[in-house]
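Asker: no FASTA, just this:
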């Protein structure tokens, strides 16, 4: 897949497109000065007090209106670099984020002693932009909820966070700067990834002295390789995703790398993902590596309660409302393995996965099958949700935000 030259450019603070943290020689082993800055007179501490210099204004003169050579019908969930990213920063002493700006998408240079690299002080969010049905703009789905979830995570991780207004504005600006990368309706969406990181330099274990909020985007299709087909899950009994009192209920970056071992082992055996059990009793299902879980039995839908170890998904909350609108009783409670394997229908929800049906779950060597197909609750909820997100159905709940 070809990537346009404009998408390959590096940002003004990136050096020759190299890796994130570049270390140069010298007696002090100092971090290489940012590109475009002179080498004389600048002390290390002032240099790294602000890890991102003033952003250059964007230049759109070399753009065309297409999305490069993307085959929209074959989009998966992989990174396709787009043209622009949005960045703003916050020195801890100032207590608030300054006005952000757009700049060309590219590498970011950080101090090797930045809080995010040393202590994992970082959060991320995920949301999508869709082309409107009438072709007259774009749609976001509940972006203010992503902003509030980031704020809750920032409080847990001792970080400042953008206001809801700043967050939503930044998301809108990122979409408008990358509109040629928004897939045609029905072919996918523009996935938007906000990041909040401790970018300031710190040696001892403490909050970073500076924070950076940035957003990049990429066109995506379906998350699982199965596409819209039902998936196969494995119940993991050795590894746990979260524990009481930990950070399982916030979207910190440190929650995700620890699940890779279990996830890769499961994928090597033909499973799409892993379902994790609670770390105390080891008999209650919590969630998959990157999505929430629902089970249907009769006319009752159950989903594990978010009590600190489970991420409060925005798609999850929306599906709870839509299922109740359909006349189902929805329970947020402990969901045991027995509840899971005895269900009529099982499905996962999340920004990336949407509403994905589960065909089978394997537990202790036994495979349990569930109802899938067109006449299922998951399919009905998927159709309802995506119709709202893409502007094909009336949004009676006020969930969507238009970008014109």
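Answerer: Right, received. Where do you want to start? All values reported here derive from a predicted model rather than from experimental measurement.
Asker: Burial check on residue 244, number of neighbours?
Answerer: Using other C-beta atoms under 10 Å, the number of residues around residue 244 comes to 11. For every residue, glycine as well, the C-beta is placed using N, CA and C.
Asker: Per-residue confidence, it, what does it come out as?
Answerer: Note on residue 244: pLDDT of 95.
Asker: If we ignore the residues flanking it in sequence, what's nearest the residue nearest to the spatial centre of the chain?
Answerer: In the chain, the centroid-proximal residue (C-alpha atoms, centre = their mean) is residue 126; its distance is 2.9 Å. Leaving aside its sequence neighbours, residue 126 sits nearest to residue 351 (C-beta to C-beta, 6 or more residues apart in numbering; 4.6 Å).
Asker: Could you pull out the helices in the stretch 151-300 of the chain for me?
Answerer: 164-177, 260-268 (DSSP state H, counting those that start in this stretch).
Asker: coming back round to it: would you mind measuring from the residue nearest to residue 126 to residue 298?
Answerer: Using C-beta to C-beta, to the nearest Å, residue 351 is found at 29 Å from residue 298.
Asker: which of the two has more neighbours?
Answerer: residue 351 (21 against 9).
Asker: so who does the more buried one touch?
Answerer: 126, 127, 128, 191, 313, 314, 315 (C-beta atoms under 8 Å, 6 or more residues apart in numbering).
Asker: What sits closest to residue 270 if chain neighbours are left out?
Answerer: residue 232 (6.8 Å).
Asker: Quickly list what that neighbour is bridged to.
Answerer: Residue 232 has these beta-bridge partners by DSSP bridges: residue 360.
Asker: can you check residue 295 too?
Answerer: Residue 295 has these beta-bridge partners by DSSP bridges: residue 302, residue 346.
Asker: My understanding was that it contacts residue 336; is that so?
Answerer: No. Under the criterion of C-beta atoms under 8 Å, residue 295 is not in contact with residue 336, lying 10.0 Å apart.
Asker: neighbour-wise, which of those two wins?
Answerer: Shown here are residue 295 and residue 336; by other C-beta under 10 Å, residue 295 has more neighbours (24 against 17).
Asker: pLDDT at the more buried one, what is it?
Answerer: We note a pLDDT of 98 for residue 295 in this prediction.
Asker: related to what we said a few turns ago, burial check on the residue nearest to residue 270, number of neighbours?
Answerer: Residue 232, neighbours per other C-beta under 10 Å, totals 19.
Asker: Now for it: which residues touch it?
Answerer: Contacts of residue 232 were listed using C-beta under 8 Å, 6+ apart, and they are 270, 271, 272, 358, 359, 360, 361, 362.
Asker: and residue 401, how many neighbours?
Answerer: Residue 401: 17 neighbours (other C-beta under 10 Å).
Asker: Residue 240 now?
Answerer: 20.
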